[in-house]
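Undergrad: Sequence plus predicted model, see below.
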Amino acid sequence: MHDVKDKQLRKILSSTTEPILRAFLIYMFAVIMTNVSFMGLCGYLRYKHTKQTKEAYHPFEMLLPFDRDEHYNLTLLVYMLTESVTAFMAYTMDMALLVFIIFHILRLKFLQHVLRNFKHYTGNADSIHDVDRKITYKETASFWRNCISEHQDIISDVEMLNKQMSKLFFIDFFLRTIQMAGFCLGGIKADQFMNQFFGFGCLMCSSSQLTILYWYGEVLTSESVAISDAIYESEWYDADMETRRTMLMMMRRSQRCLILTVGKFEKVALRTVLRILKSIYSCMSIIVQRQ
């Protein structure tokens with residue numbers, strides 16, 4: 001149905017996939033630079049501010065084959081590599097989930113483009129740019145049958161995806177909430193600045209990962225509804241009555257938006273991330289007030 005040589009479709013592909021690749025590179029660069037700054041600050045406080053006591057700060061416990069305080073520079077390097085690899089693995093798992101979502105977003109965007117330019121895609125390839133050519137009823141009917149079939153396949157595939165991944169989203173939602181609450185609590189209750197820096201830094205990284213994943217879930221929902229807008233923006237007024245009925249049928253079907261769910265109680269959308277952050281903030285405020 002889609003011509004891979006179509007420049008417009010290739011442009012849609014690039015505009016959809018390039019932002020997530022940039023976000024991945026920016027995230028990894030930020031993680032590495034944060035770890036380098038954090039470990040450098042640890043070394044600075046160790047050898048400058050606490051020069052007499054030689055107190056060493058350790059962000060977390062780790063079993064090492066050497067004395068951590070005696071070889072503190074090497075310990076900081078191991079900490080930095082461990083945190084960077086862990087962040088990379090966590091974000092890679094989110095990317096694996098995003099691949100399935102972005103694939104269906106692309107299908108919806110391709111379908112929207114075809115619907116907006118249905119005259120361009122109707123007829124033989126040799127005469128596709130011949131505006132004076134009269135499109136036959138048979139060609140129009142075949143085109144709309146393909147569009148309806150593609151739209152129905154997308155709906156079925158997204159529903160199947162949601163059925164298979166709803167529990168996975170719930171587990172990720174539950175574990176990520178506990179993780180962010182722990183980071184926030186650790187940062188609030190910390191006595192030292194380094195503990196606060198480490199706790200809130202991990203909270204920002206974890207929340208950014210969750211935001212990107214749930215943002216694309218919301219994009220999937222909005223793109224599914226945009227099918228009706230694409231039909232309206234096409235030259236529907238030049239179509240015959242039978243074609244207009246087919247358009248209306250697709251528009252009604254597209255009004256039932258496609259959603260991914262977290263278990264059976266929440267949608268994969270940005271408002272879910274906001275609810276998580278608000279809940280964590282409320283719980284942390286109560287804990288701080290009771291201290």
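TA: Alright, I've got the coordinates. Residues are numbered from 1 along each chain as shown.

Undergrad: My guess is residue 113 contacts residue 10. True?
TA: No: Residue 113 is beyond contact range of residue 10, at 11.0 Å (criterion: CB atoms under 8 Å). No exception for glycine: its C-beta is placed from N, CA and C like everyone else's.

Undergrad: higher neighbour count, those two?
TA: Taking neighbours as other CB atoms under 10 Å, residue 113 and residue 10 compare with residue 113 leading, 18 against 12.

Undergrad: dump the residue contacts of the more buried one.
TA: 8-9, 12, 230 (CB atoms under 8 Å, 6 or more residues apart in numbering).

Undergrad: For it, what is the enclosing helix or strand?
TA: Using DSSP states H and E, the element containing residue 113 is helix 72-116.

Undergrad: Give the rounded mean pLDDT of that helix.
TA: Confidence over helix 72-116 (mean pLDDT, whole number) is 81.

Undergrad: Please apply the same query to stretch 18-38.
TA: 73.

Undergrad: Any chance of TSV for the contacts of residue 113, columns secondary structure and pLDDT?
TA: As requested, the contacts of residue 113 are exported to TSV (DSSP: H, G, I helix; E, B strand; the rest coil; pLDDT from 0 to 100):
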residue	secondary structure	pLDDT
8	helix	76
9	helix	75
12	helix	80
230	helix	86
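
Undergrad: Only whichever of those residues are buried, select them in ChimeraX.
TA: Of the contacts of residue 113, the buried ones can be selected in ChimeraX as follows, counting by 16 or more other CB atoms under 10 Å:
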select :9,12,230
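
Undergrad: returning to what we had before: now the element after the helix holding residue 113, going C-ward?
TA: As assigned by DSSP H and E, the chain's next helix or strand after helix 72-116 is helix 137-189.

Undergrad: same for that following helix, what does it pack against?
TA: Here helix 137-189 touches helix 72-116, helix 193-233, helix 241-254, strand 261-262, helix 270-290, going by 3 or more CB pairs under 8 Å, 6 or more residues apart in numbering; DSSP states H and E.

Undergrad: any idea how far residue 152 is from residue 159?
TA: Counting by CB to CB, to the nearest Å, the gap between residue 159 and residue 152 amounts to 11 Å.

Undergrad: Pull the number of nearby residues for residue 240.
TA: Neighbour tally, residue 240, other CB under 10 Å: 11.

Undergrad: again, but for the one 10 residues further on
TA: In terms of burial, residue 250 registers 19 neighbours under the definition other CB under 10 Å.

Undergrad: Check residue 231 too.
TA: Residue 231 has 21 nearby residues by other CB under 10 Å.

Undergrad: can I assume it is in contact with residue 249?
TA: No: judged on CB under 8 Å, residue 231 makes no contact with residue 249 at a distance of 10.0 Å.

Undergrad: okay, and the common contacts of those two?
TA: Counting by CB under 8 Å, 6+ apart, nothing touches both residue 231 and residue 249.

Undergrad: which residues touch residue 200?
TA: The contact partners of residue 200, by CB under 8 Å, 6+ apart, come to 183-184, 187.

Undergrad: Could you take those residues and lay them out as a markdown table, with extra columns for neighbour count, distance to residue 263 and pLDDT?
TA: Shown next, in a markdown table, are these (neighbours: other CB atoms under 10 Å; distance: CB to CB, whole Å; pLDDT from 0 to 100):
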| residue | neighbour count | distance to residue 263 | pLDDT |
| --- | --- | --- | --- |
| 183 | 21 | 23 | 78 |
| 184 | 22 | 23 | 79 |
| 187 | 18 | 28 | 74 |
